[in-house]
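Chemist: 3D model of this:
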Amino acid sequence: MKDAIVIIPTYNEIENIEAILRAIFALEKSFHVLVVDDNSPDMTAYKVKELQNEFSGLFLESREEKSGLGTAYIHGFNWCLKKDYEYIFEMDADYSHNPNDLIKLYDACHNDGTDMSIGSRYVKGVNVVNWPMSRVLLSYMASIYVRVITGMKIHDTTAGFVCYKREVLEQLDLENIKFVGYAFQIEMKFKAYLKNFKIVEIPVIFTDRTKGESKLSGGIISEAIFGVISMKLKSIFKK
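Modeler: Numbering: from 1, shown residues only. This is a model prediction of the structure:
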């Protein structure tokens with residue numbers, strides 16, 4: 001069984017990808033990395049291929065088109081499960097997640113018996129840097145809304161910085177994950193919560209990207225708002 005791998009989905013992240021990969025491979029704890037690139041016009045995949053000559057634990061899966069964050073992660077999860085990794089991480093390419101915090105998430109699962117650890121912006125106050133207040137309020141209130149609707153005790157329900165033990169992903173029926181944006185992150189947590197996996201939030205500081213463009217859109221926000229209600233209702237009727 002292989003140990004730990006970080007999945008990084010990319011679309012036009014040429015300005016960030018080399019720095020984040022070098023930071024991960026410089027950590028004291030060894031992590032492999034899988035980049036799932038959606039045919040980035042800015043040649044992100046070519047930069048990853050170049051770095052593969054330097055880092056043996058770096059892998060690349062190239063998809064034909066931009067198909068959404070959720071499908072990129074599902075693609076990555078399936079790849080990692082087939083390769084027998086024990087701990088599988090989600091992480092953004094834009095340095096909003098500090099690579100040093102990977103070790104905290106890993107320790108929570110490897111040493112403390114947690115099934116799923118979440119790098120949380122909101123478990124201890126609001127730990128967000130460089131976001132406008134409107135964006136902070138939108139994200140924070142969205143997490144409160146999700147907690148109220150779903151009953152989950154998770155403070156940062158849309159967090160995209162997560163470590164899963166492989167058993168969690170094996171039991172979540174990945175092919176039936178429906179959402180692709182923020183709602184994807186909520187759906188993964190909700191389905192793990194329904195199966196009574198042990199979930200822990202680890203406080204981290206989230207820093208907004210300084211390079212490249214955000215992928216947030218109105219469609220992604222509306223998917224999260226209305227998708228949560230649909231998801232909750234389906235879980236009730238399945239009982």
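Chemist: and the longest strand anywhere in the chain, how far out from the chain's middle?
Modeler: Counting by DSSP state E, the longest strand found in the chain is strand 2-10. Averaging C-alpha positions (C-alpha atoms, centre = their mean, to the nearest Å) puts strand 2-10 10 Å from its chain's average.
Chemist: what of stretch 36-45?
Modeler: 18 Å.
Chemist: ok, residue 142 - how many residues close by?
Modeler: 19 (other C-beta atoms under 10 Å). For every residue, glycine as well, the C-beta is placed using N, CA and C.
Chemist: oops, could you answer that again for residue 55 instead?
Modeler: Neighbourhood size, residue 55 [other C-beta under 10 Å]: 15.
Chemist: pLDDT below threshold where in the protein?
Modeler: Scanning the chain for pLDDT under 70 picks out 209-225, 237-239.
Chemist: same thing but 90
Modeler: 1-2, 65-68, 124-148, 158, 173, 176, 178-183, 207-239 (pLDDT under 90).
Chemist: what ranges do the strands span in it?
Modeler: 2-10, 32-37, 58-62, 85-90, 116-120, 128-129, 162-165, 199-203, 206-207.
Chemist: my guess is residue 170 contacts residue 80. True?
Modeler: No. Using C-beta atoms under 8 Å, residue 170 makes no contact with residue 80, being 11.0 Å away.
Chemist: only C-alpha atoms, please: export stretch 46-59 in PDB.
Modeler: What follows is stretch 46-59, C-alpha atoms only, in PDB (Å, rounded to 0.1, in the frame of the first residue of the first chain):
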ATOM      1  CA  TYR A  46       3.700  21.100 -20.200                       C
ATOM      2  CA  LYS A  47       5.200  22.700 -17.200                       C
ATOM      3  CA  VAL A  48       4.200  19.700 -15.100                       C
ATOM      4  CA  LYS A  49       5.700  17.300 -17.700                       C
ATOM      5  CA  GLU A  50       8.900  19.300 -17.500                       C
ATOM      6  CA  LEU A  51       9.000  19.000 -13.700                       C
ATOM      7  CA  GLN A  52       8.400  15.200 -13.900                       C
ATOM      8  CA  ASN A  53      12.000  15.000 -15.000                       C
ATOM      9  CA  GLU A  54      13.000  16.300 -11.600                       C
ATOM     10  CA  PHE A  55      10.400  14.700  -9.300                       C
ATOM     11  CA  SER A  56       9.700  11.000  -9.500                       C
ATOM     12  CA  GLY A  57       6.600  11.300  -7.400                       C
ATOM     13  CA  LEU A  58       4.800  13.700  -9.700                       C
ATOM     14  CA  PHE A  59       2.100  12.400 -12.000                       C
END
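Chemist: that stretch: which residues count as buried?
Modeler: The neighbour-count check on stretch 46-59 (16 or more other C-beta atoms under 10 Å) flags 47, 48, 51, 57, 58, 59 as buried.
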